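**Q** give me a model of this one.
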Amino acid sequence: MVVPPDSPQAAQLKIEPVRMREIAVDEVTAPGRVGIDPNRSSRLLLPVAGRIVAVLAKVGDAVEQGQRVLSLDSPDADAAIAAAIQAEAAERQAQSTLSKADADLARTTELYEHHAVAQKDMLGAQNDQAQARAALETARAALYQAKRKLELLELKPSGEPRPIVQVRAPISGKVLEVNVAPGEYRNDTGTPLMTIADLSRVWIASDVPESAIRLIRVGERVTITMVAYPGEEFEGRVARIADVLDPQTRTVKVYVEMANLRGRFRPEMFATIRHAGDSRPTPVVPVGAIVQEYGRPIVFLERAPGRFERREVVLGTRAGEFIPVVSGVRAGERIVVDGGVLLKDR
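**A** I've put the predicted structure just below:
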């Protein structure tokens, strides 16, 4: 087709040579979704059954590890204090019994040496001492166990009329879910009452096709784009690759870890991961140079000033503002990069 160089239409055509660029080979692109890093999430459970006195954190609050988030009035707390007091008394009694058994054995030994008592009395005193020592060890073990329970519940055997159990945040992070209210009585200590997650790092769960999973390895860097932030690119690291293939979708879950210090990435946001392999020089053309004709991509090649030829091309995966050309044009050939639609109907 011919377009006179001095015509108004020619003035609207922008012509440039096809360039060479380093383009990644075996690039993998897969959809994904932002999720919580399971290694940075915790579900809060009650240590004992009881009535909720106060909920000290609400959804969206930032909490620190060890911060009080629940207060609990529990009969188990009273029982734990009573058990500790009883264990202390039992330990003192066992100590006193052992002291008496030691004294009895010493006196019996002295009498036996002077032939004042029979051997069976000596053996009886030794047996009493052994039993007293064993009883003391048992009492000390029970006291340790009782004190350990008080320590876990953060209680002291001070005789308080109404001991309150304080439940603390196991990790630092944000409260994502609260499933309890003041006044409720909870006796199921296996049901989570609160979910806390550290969102300073998040995971992208992506479904990578079976045919491309061989190209991705744990520890490799990937590029991430997100629907919420068009035009921006982020970097992450492959943290885990699932061991099982989804038989329905023929994909493998790939988990990518990425920093989220500013809190921009929220769970359930849509994302796309891109993993590039080795790169090689490849002809590229601007996106605007491609014209669709009957469903096929074409470009307009300048054969001479004012003379153009349609050329069907095979394209690779778009890389920014450029598209790799697998076949159809070579580097250095001059094509219409803007205004090609004006030539489409000629």
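
**Q** would you map the helices across the chain?
**A** 8-11, 75-113, 119-153 (DSSP state H).

**Q** quick one: closest of those to residue 191.
**A** helix 75-113 (16.4 Å; C-beta to C-beta). Every residue, glycine included, has its C-beta placed from N, CA and C.

**Q** so which bits of that closest one are buried?
**A** Across helix 75-113, burial judged by 16 or more other C-beta atoms under 10 Å covers 76-77, 80-81, 83-84, 87-88, 90-91, 94, 97-98, 101, 104-105, 108, 112.

**Q** also stretch 257-270?
**A** 257, 258, 260, 265, 269.

**Q** likewise for stretch 335-346?
**A** For stretch 335-346, using 16+ other C-beta under 10 Å, the buried residues are 335, 336, 337, 339, 340, 342, 343.

**Q** wait, doesn't the fourth one sit right on residue 12?
**A** Yes. Here residue 339 reaches residue 12: they are 4.7 Å apart, a contact under C-beta atoms under 8 Å.

**Q** CA atoms of stretch 119-132 as CSV?
**A** Provided in CSV are the C-alpha atoms of stretch 119-132 (Å, rounded to 0.1, in the frame of the first residue of the first chain):
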residue,chain,number,x,y,z
GLN,A,119,17.8,-55.5,115.1
LYS,A,120,14.2,-55.5,113.9
ASP,A,121,13.7,-52.1,115.7
MET,A,122,16.8,-50.8,113.8
LEU,A,123,15.4,-52.1,110.5
GLY,A,124,12.0,-50.6,111.3
ALA,A,125,13.5,-47.1,111.9
GLN,A,126,15.4,-47.3,108.6
ASN,A,127,12.2,-48.3,106.8
ASP,A,128,10.3,-45.4,108.4
GLN,A,129,13.0,-43.0,107.3
ALA,A,130,12.9,-44.3,103.7
GLN,A,131,9.1,-43.9,103.6
ALA,A,132,9.3,-40.4,105.0
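
**Q** now that stretch: mean pLDDT?
**A** Mean pLDDT, stretch 119-132: 92.

**Q** give me the pLDDT value at the residue sitting nearest the centre point of the chain.
**A** The chain has residue 37 as the residue nearest its centroid, 0.8 Å off, counting by C-alpha atoms, centre = their mean. The score at residue 37 is 92. That number is its pLDDT.

**Q** residues touching it, list them.
**A** 197, 198, 201, 202, 203, 257 (C-beta atoms under 8 Å, 6 or more residues apart in numbering).

**Q** neighbours of the closest residue to residue 102 other than its chain neighbours, how many?
**A** Nearest residue to residue 102 in three dimensions, chain neighbours excluded: residue 129, at 6.2 Å (C-beta to C-beta, 6 or more residues apart in numbering). As a burial measure, residue 129 scores 20 neighbours (other C-beta atoms under 10 Å).

**Q** what's the spacing between residue 129 and residue 112?
**A** Remark: distance between residue 129 and residue 112 (C-beta to C-beta, to the nearest Å) = 14 Å.

**Q** let's have the buried residues of stretch 257-270 in JSON lines, adding pLDDT.
**A** Converted to JSON lines, these look like this (pLDDT from 0 to 100):
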{"residue": "257", "pLDDT": "96"}
{"residue": "258", "pLDDT": "95"}
{"residue": "260", "pLDDT": "92"}
{"residue": "265", "pLDDT": "94"}
{"residue": "269", "pLDDT": "95"}
